[in-house]
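here is a sequence with its predicted model. Questions after.
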Amino acid sequence: MPGYLSLVLHAHLPFVRHPEHEKFLEESWLFEGITETYLPLIQILNTWQRDKLEARLTVSLSPTLCAMLLDKLLCERYARHLDGLIDLAEKEIHRTHWDRGFRDLAWMYHHKFTLARETWRYHDGNLVNAFRYFQDAGILEIITTAATHGLLPLMANHPPSVRAQILTARDHYNRCFGRDPCGIWLPECAYASGVEDYLQEANIRWFILDTHGILHATPRPRYSTFAPIFTPNGVAAFGRDFDSSRQVWSKHEGYPGDPRYRDFYRDIGFDLDFDYVKPHLPSPENRGFTGIKYFRITGKGEKQIYQRDAALAAASEHARHFLDERIAQIHKLESILDRPPIIVAPYDAELFGHWWYEGPEFLDFLVRKLGHEQKKTISLITPGEYLRRHPTNQIATPGASSWGEEGYWRVWLNESNEWIYPHLQVAQERMTDLARQFPDATGLTARALRQAARELLLAQASDWPFILRAKTSPEYARRRVKDHLLRFIALHEQLTLTQVDEKWLAEIESRDNLFPDVDWNYWK
């Protein structure tokens, strides 16, 4: 086999759950992800299985995302949200009756939302089990990430926190999928020396780095990013392929910027009468996204109406181009390397469907074209399967890196969010003190220790400093960090100086309810 392509999708959202509110704006992040990315992906996996395609896909499902997908309250709210989308599409069918272009699109959305509801109900609203089914069927390899997607290199000065993020993620993965994970998506692909020690403890065999994390390894990798390297303790690192990344992610060259594709920002939630769309908005008092968008990217000037057939043709063309480029890479490499090269193409899962509406169809076209036409040149593989086929690889120490701006930690450590880390450092050290003071706690004390662990993990999420830097929902991110730290401080005080307030503890347990069996001893 001359070469391999490994597609890796990283599905992650921060844990957002607010039972104290009937409707909460930021919960729409999950609802949009389910409708536009996760359900379409499950639908595509089903057709691949039905058509007996030789498809192998790697998906990272973060522990916080899985916790939300399994949460009864959020699932009930999503089901109501999906019913509301169908109602809105029906209203749009009537409103656009005399305008054929818009009417056809309204019918398209109605069909899409109805199919989403059928898929949701078919799986009894349990998408974690749906993904587990496809892993058990051999189509998917599901990997994990750190428990709350904390940026591990920024915890390097407190190793127990790195350990707890990884071991908690492993435990939660086992709870969801009935086995331990073989691979991990390091949050933001961020690596600093020493992380692999805790991966080894969790029996995780491989992870993914950005391109320069491999190219700057010591000694220099013989096969560039086209073969994994083994860290000195035997955990494998795969590097992101630069060319396949550029063709999808680049602002100027990437496929999603094609003017035939649907425009993400032009939504009827902003265009139509406020009273008309108000019942369907994520925040009833403010305009926002409904998910129904009628215009294509177009380019400069006035927006043109979205043409679904033209967009699908573009997705097919881009899938062909992407595959041809990968084949050209393989042909170039086969004369240089003494082993089959692997091209690792990792992306945020939410790019496919949410940000890039035609992304799921692009994946489908790509896999079908690859499976039917190029079996002798290139085949799909997961990183774990590659290691089983090719267990001998170069030993090298990767370079410190991330896939963020400038390739290191700038996005998550800068003037907008640096205030977080001194507070986290104190809380992390206090968590270790608690673990050492109460190693065998039971009853109310054990409950308080578990909740302290949850609050610290949630405060460590990389999402909050990212949002503060991006300024998308900065007040919400700032409040989340402060709330979790204040709850942790109160729990620490109750455990060490006063006594645990059971009524208050029960209240925050019901709110921040992920990782029910979290082990506080991981911080010792």
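It's in. Numbers count the residues shown, from 1 in each chain.

all strands of the chain, in order?
4-11, 57-61, 140-145, 183-185, 206-209, 229-230, 236-239, 342-348, 379-380 (DSSP state E).

turn these into a markdown table, columns for mean pLDDT and mean neighbour count.
The C-beta positions use only the backbone N, C-alpha and C, and glycine is treated the same way. Listed next are the strands of the chain as a markdown table, based on pLDDT from 0 to 100; neighbours: other CB atoms under 10 Å:
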| stretch | mean pLDDT | mean neighbour count |
| --- | --- | --- |
| strand 4-11 | 97 | 24 |
| strand 57-61 | 98 | 24 |
| strand 140-145 | 98 | 25 |
| strand 183-185 | 98 | 25 |
| strand 206-209 | 97 | 26 |
| strand 229-230 | 98 | 22 |
| strand 236-239 | 98 | 26 |
| strand 342-348 | 96 | 22 |
| strand 379-380 | 92 | 18 |
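
closest to Glu493 out of the ones you listed?
strand 140-145 (31.5 Å; CB to CB).

direction included, what does the closest one pair up with?
strand 57-61 (parallel), strand 183-185 (parallel) (DSSP bridges).

can you put the strands of the chain in JSON lines and add distance to Gln451?
Listed next are the strands of the chain as JSON lines, based on distance: least, CB to CB, whole Å:
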{"stretch": "strand 4-11", "distance to Gln451": "26"}
{"stretch": "strand 57-61", "distance to Gln451": "24"}
{"stretch": "strand 140-145", "distance to Gln451": "22"}
{"stretch": "strand 183-185", "distance to Gln451": "26"}
{"stretch": "strand 206-209", "distance to Gln451": "30"}
{"stretch": "strand 229-230", "distance to Gln451": "39"}
{"stretch": "strand 236-239", "distance to Gln451": "35"}
{"stretch": "strand 342-348", "distance to Gln451": "31"}
{"stretch": "strand 379-380", "distance to Gln451": "43"}
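
okay, now Gln200: neighbour count?
15 (other CB atoms under 10 Å).

right, and it touches Gly234 too?
Yes - counting by CB atoms under 8 Å, Gln200 sits close enough to Gly234 to count as a contact (7.0 Å).

of all the strands of the chain, which one is nearest Tyr255?
Comparing the strands of the chain under CB to CB, the one sitting nearest is strand 342-348, at 11.4 Å.

only alpha carbons, please: show that closest one as PDB.
What follows is strand 342-348, C-alpha atoms only, in PDB (Å, rounded to 0.1, in the frame of the first residue of the first chain):
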ATOM      1  CA  ILE A 342       0.800   8.700   6.500                       C
ATOM      2  CA  ILE A 343      -0.800  12.100   5.900                       C
ATOM      3  CA  VAL A 344      -2.500  13.200   9.100                       C
ATOM      4  CA  ALA A 345      -5.300  15.700   8.500                       C
ATOM      5  CA  PRO A 346      -6.800  16.900  11.800                       C
ATOM      6  CA  TYR A 347      -9.600  19.500  12.000                       C
ATOM      7  CA  ASP A 348     -12.200  20.800  14.500                       C
END
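
which other residues reach that strand?
Counting by CB atoms under 8 Å, 6 or more residues apart in numbering, the neighbours of strand 342-348 from elsewhere in the structure are 3-10, 12, 185, 189, 208, 225-228, 238-241, 244-245, 248-249, 326, 329-330, 381, 383, 386.

let's see 7 Å
4-10, 208, 225-227, 238-241, 244-245, 248, 326, 329, 381, 383, 386 (CB atoms under 7 Å, 6 or more residues apart in numbering).

same question, stretch 223-243
196-197, 199-200, 204-211, 213-215, 217, 221, 325, 329, 333, 337, 339, 341-346, 383, 387, 393-398, 403.

what do you get for stretch 47-56?
Ala137, Ile139, Val367, Arg368, Gly371, Leu380, Ile381, Thr382, Glu385.

lowest-confidence entry in the residues you listed?
Least confident entry in these, by pLDDT: Gly371, with 78.

for the nearest residue to that residue once chain neighbours are set aside, report the pLDDT, please.
With sequence-adjacent residues excluded and distances taken as CB to CB, 6 or more residues apart in numbering, Gly371 is closest to Leu53, at 4.8 Å. pLDDT recorded at Leu53 is 92.

look up how far Ser62 lies from His172.
10 Å (CB to CB, to the nearest Å).

compare neighbour counts for these two and give me the winner.
Between His172 and Ser62, counted using other CB under 10 Å, the more crowded position is Ser62 (28 against 23).

ok, Asn393 - contacts?
Contacts of Asn393 (CB under 7 Å, 6+ apart): Ala227, Pro228, Ile229, Phe230, Ala236.

my bad, Phe488
Counted by CB under 7 Å, 6+ apart, Phe488 has contacts Ala427, Ala452, Glu455, Leu456, Ala459.

give me that answer again for 10 Å
423-424, 426-428, 430-431, 434, 451-459 (CB atoms under 10 Å, 6 or more residues apart in numbering).

related to what we said a few turns ago, of the contacts of stretch 223-243, which belong to helices?
Secondary structure defined by DSSP state H assigns 196-197, 199-200, 211, 213-215, 325, 329, 333, 383, 387 of the contacts of stretch 223-243 to helices.

re earlier: quick check: neighbours shared by His172 and Ser62?
Contacts common to His172 and Ser62, judged by CB under 10 Å, 6+ apart, are Thr144, Ala147.
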